[in-house]
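Chemist: Provide a 3D model corresponding to the input given below.
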Amino acid sequence: MPARYAHLSPSAVQTALAESLAGLRRELELPEEMPAEVVAEADAVVSSGEAVDGSDPDRADLRELEFHTIDPEGSRDLDQALCIERSGSGFIVHYAIADLAAFVRPGGAIDAETRERGQTLYAPDGSVPLHPETLSHGAASLLAEQDRRAYVWRFALDADGAQHEAAQPPVRAWVRSRRQWTYVEAQAAVDDGTAPGPIALLAEVGPVLIAQEAARGGASLNSPEEEIVATPDGYDLRARVTLPIEDWNAQISLMTGMAAAAITLERGAGILRTLPPADAEAIAEFRRRVELIGHPWPEDMQYGEYLRRIDHADPAAPAIMQAASGLFRGADYVAFDGEPPAQLEQAAIAAPYAHATAPLRRLVDRFVLAMCTDAPAWAREALPALPDVMRRTGSLANRLESGAVDRVEAAVLHSRVGDEFDAVVVSQTKGGSRIQLADPFVTATVSGSHEPGSRIRVRVTESDIAGGRVTFAVA
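Modeler: The predicted structure is shown next:
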């Protein structure tokens, strides 16, 4: 272990981690503060009480609808609110999305800054927001018991989740959310029967939409992820597996993104989120790897259905999910104005798809929503530049997340140098075997060749907090 970090006290470990995370921010050249002129413009827009694009006189009043938001605990940037009602044997789904076009003046300071930032970046020591918090945590956020501007989508579904009509553009409206739920609260209310109607009905709509996804050949890679959790003593790493209500809620967002893609394709201009289908080589490699792991993929089963049937409690599940990641490569943004792109579909969704449900946290959504409604010149003119912005900032977000996880892993395991852990081998790489620890939930590499899906015992031999490196050896 480097002498600098030998025998550090718990408080010193947290100080070293804070220094390392600050160094990561400098290395990635993350902006430290929102420029004063951007904050001033946001404050002025909010103080005026008027939409910058003059949309308020024609805005519908949908405040009688019982909207609710469901988000991670502590969220303030609330992009979406839902209201579900019964309609005969089917459902009406109303989905409200924060209306940023009402706050961001084209060509203004906020517009220019958000085109640089691209998306909100998240780190353990604080986020780097896309918008001034006056907007993202305030006037533009769909906070409970507040009148808010939103794009409201309406979907008429039958009992099986199929849509009665073609995708319709959203309506710009006033809405009022009744309550902000955390995922844990909403799931508990559904489970004990105390959820209000719109939340309770999500438990019916979500599963039928998942069935619709399966029928069209869609797939999702719902593998546990390393989650950094703040604790009184600093940070910890845990396995995060989504609750059912998160998957149901995600289906509403996916349905909206597919509708946005359909509308912009019909109109001939927009920007899609694409993913090419897995090629024959990747599929053959996946079949080979899961066969070796002992969980063969039946020839007559779509890979989406195969992945949905994986039991996450199975010790071989991490290795299977790691092998499946090779089927989900090549995601991109493609802008078009006139001729539609050759690659239309997002293969994991099995349909054309556009990002349209997180405008507070992702730049491209503001433009997609605008193109779905009145398609203003400012949105259309920006289309060609947006893919590069989203690729650049997406890469930055991935580097920040990876670097932060590496540093927290090193801090969590600093006092465990010499300790042994059980691990599951998830893949074989040029540098050795990729392994997954269960507690703490850490992914690492150990030297040597070990069969994916097998269990081995490993020992922590070194922890470098500054460099975000933890070294393991087979025990």
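Chemist: mind listing what's buried in stretch 450-470?
Modeler: If you call a residue buried by 16 or more other C-beta atoms under 10 Å, then stretch 450-470 has these buried ones: 450, 452-454, 456, 458-460, 462-466, 468, 470. For glycine as for every other residue, the C-beta is placed from the backbone atoms N, C-alpha and C.
Chemist: swap that for stretch 309-327, please
Modeler: Buried-residue list, stretch 309-327, by 16+ other C-beta under 10 Å: 310, 316-324, 326-327.
Chemist: now the two most distant members of the buried residues of stretch 450-470.
Modeler: Gly453 and Ala466 (34.1 Å; C-beta to C-beta).
Chemist: in contact with Leu307, which residues?
Modeler: Neighbouring residues of Leu307 by C-beta atoms under 8 Å, 6 or more residues apart in numbering: 219-222, 320-321, 324.
Chemist: mind picking the two most distant members of those residues?
Modeler: Comparing every pair within the contacts of Leu307 by C-beta to C-beta identifies Ser220 and Ile320 as the most remote, at 14.0 Å.
Chemist: just the closest of the buried residues of stretch 309-327 to Ala102, please.
Modeler: For the buried residues of stretch 309-327, the nearest to Ala102 is Leu327 (39.8 Å; C-beta to C-beta).
Chemist: list the contacts of the closest one.
Modeler: 219, 278, 282-283, 286, 303.
Chemist: in the stretch 251-400 of the chain, which spans are strands?
Modeler: Assigned by DSSP state E, counting those that start in this stretch, the stretch 251-400 of the chain shows strands spanning 269-274, 332-337, 345-346, 351-352.
Chemist: pick the most deeply packed of those.
Modeler: strand 269-274 (a mean of 24; mean count of other C-beta atoms under 10 Å).
Chemist: which elements pack onto that strand?
Modeler: Strand 269-274 sits against helix 244-267, strand 332-337, strand 345-346, helix 363-372, with contacts defined as 3 or more C-beta pairs under 8 Å, 6 or more residues apart in numbering; DSSP states H and E.
Chemist: which one of these lies nearest to Pro384?
Modeler: strand 332-337 (5.5 Å).
Chemist: pLDDT below threshold where in this protein?
Modeler: Within the chain, the stretches with pLDDT under 70 are 1-8, 223-225.
Chemist: so in this structure, which helix runs the longest?
Modeler: When the chain is parsed with DSSP state H, its longest helix is helix 386-412.
Chemist: what's the following helix or strand after it?
Modeler: Using DSSP states H and E, the next helix or strand after helix 386-412 towards the C-terminus is strand 420-429.
Chemist: what's the angle between the helix or strand following that next one and strand 420-429?
Modeler: Of the helices and strands lying after strand 420-429 in sequence (DSSP H and E), the nearest is strand 432-437. Angle of strand 432-437 versus strand 420-429, following axes from the mean of the first three to the mean of the last three C-alpha atoms, to 10 degrees, is 140 degrees.
Chemist: tell me which residues are up against the helix or strand following strand 432-437.
Modeler: Reading on from strand 432-437 to the C-terminus, the next helix or strand found by DSSP H and E is strand 443-446. Identification of contacts with strand 443-446 by C-beta under 8 Å, 6+ apart yields 226, 409, 423, 426, 429, 431-437, 456, 458, 470, 472-474.
Chemist: now do the buried residues in strand 443-446.
Modeler: Buried positions in strand 443-446, judged by neighbour count with 16+ other C-beta under 10 Å: 443-444, 446.
Chemist: can you list those in JSON lines and add distance to Ser75?
Modeler: Output for these, formatted as JSON lines (distance: C-beta to C-beta, whole Å):
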{"residue": "Thr443", "distance to Ser75": "26"}
{"residue": "Ala444", "distance to Ser75": "30"}
{"residue": "Val446", "distance to Ser75": "37"}
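Chemist: thanks a lot, catch you later.
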